[in-house]
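In: okay, predicted coordinates and the sequence, questions at the end:
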Amino acid sequence: IEEGDVCITFSTAYGMVRNKLLMECSARKAEVRQLQVEFPGGGSKPTGPGGESLPAALGQLLRSVASEGRRVALVCMDHISSAPGCVMPVMDLCRAARQELAADVPIALDAAHVLGQVD
């Protein structure tokens with residue numbers, strides 16, 4: 001993470017993970033952008049703003065950063081969010097990030113809540 005870079009996280013990020021990312025970016029004069037996650041309920045998947053699919057919303061955010069001529073240094077996401085508890089579509093999100101940014105973008109996956117929860 002270097003000066004002027006952007007790191008992406010989600011509104012569902014675990015507090016300690018979000019705080020550490022904010023601290024590291026602040027020290028390096030980088031920016032953290034947060035993708036808002038919405039939960040429509042009724043057993044449906046979490047979505048991006050306005051009901052857009054999360055992978056599509058992530059792709060749009062990544063394109064927005066790129067259009068500013070800035071580098072995305074890291075995409076940080078939870079496999080299972082803790083509040084509210086929800087399995088996130090991490091494979092689809094990783095594909096979206098790789099598609100927009102090329103194969104070498106680092107993705108940090110917080111999977112602390114996954115053991116015993118996901119097959």
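Out: Perfect, I can see it now.
In: can you pull out the strands in the protein?
Out: Ranges of strands in the chain, per DSSP state E, are 6-10, 31-35, 72-78, 80-82, 85-87, 107-110.
In: bridging residues for the spatially closest residue to Arg70 that is not a sequence neighbour?
Out: Excluding its sequence neighbours, the residue lying closest to Arg70 (CB to CB, 6 or more residues apart in numbering) is Val6, at 5.2 Å. C-beta coordinates here come from the backbone N, C-alpha and C atoms, glycine included. Counting by DSSP bridges, Val6 is bridged to Glu31, Val72.
In: so Val6 sits against Ala73, correct?
Out: Yes: taking contacts as CB atoms under 8 Å, Val6 lies within contact range of Ala73: 6.8 Å.
In: identify the contacts common to those two.
Out: Listed as contacting both Val6 and Ala73 by CB atoms under 8 Å, 6 or more residues apart in numbering are Ala30.
In: of these two, which one has the most company?
Out: Between Val6 and Ala73, counted using other CB atoms under 10 Å, Val6 has the larger neighbour count: 22 against 19.
In: give the contact list for that one.
Out: Counted by CB under 8 Å, 6+ apart, Val6 has contacts 30-33, 65, 70-73.
In: if we go to 7 Å?
Out: By CB atoms under 7 Å, 6 or more residues apart in numbering, Val6 lies in contact with 30-31, 33, 65, 70, 72-73.
In: so how do I select the buried members of those residues in ChimeraX?
Out: Buried residues among these (16 or more other CB atoms under 10 Å), as a ChimeraX selection:
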select :30,31,65,72,73
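In: pLDDT score assigned to the residue of the chain positioned farthest from its centre?
Out: Most distant from the centre of the chain: Gly42, at 23.3 Å, with distances by CA atoms, centre = their mean. Per-residue confidence (pLDDT) for Gly42: 80.
In: could you do the one 10 residues further on as well?
Out: Looking at Glu52, its pLDDT reads 94.
In: and the gap between the residue nearest to Arg70 and Arg95?
Out: The gap separating Val6 from Arg95 is 20 Å, by CB to CB, to the nearest Å.
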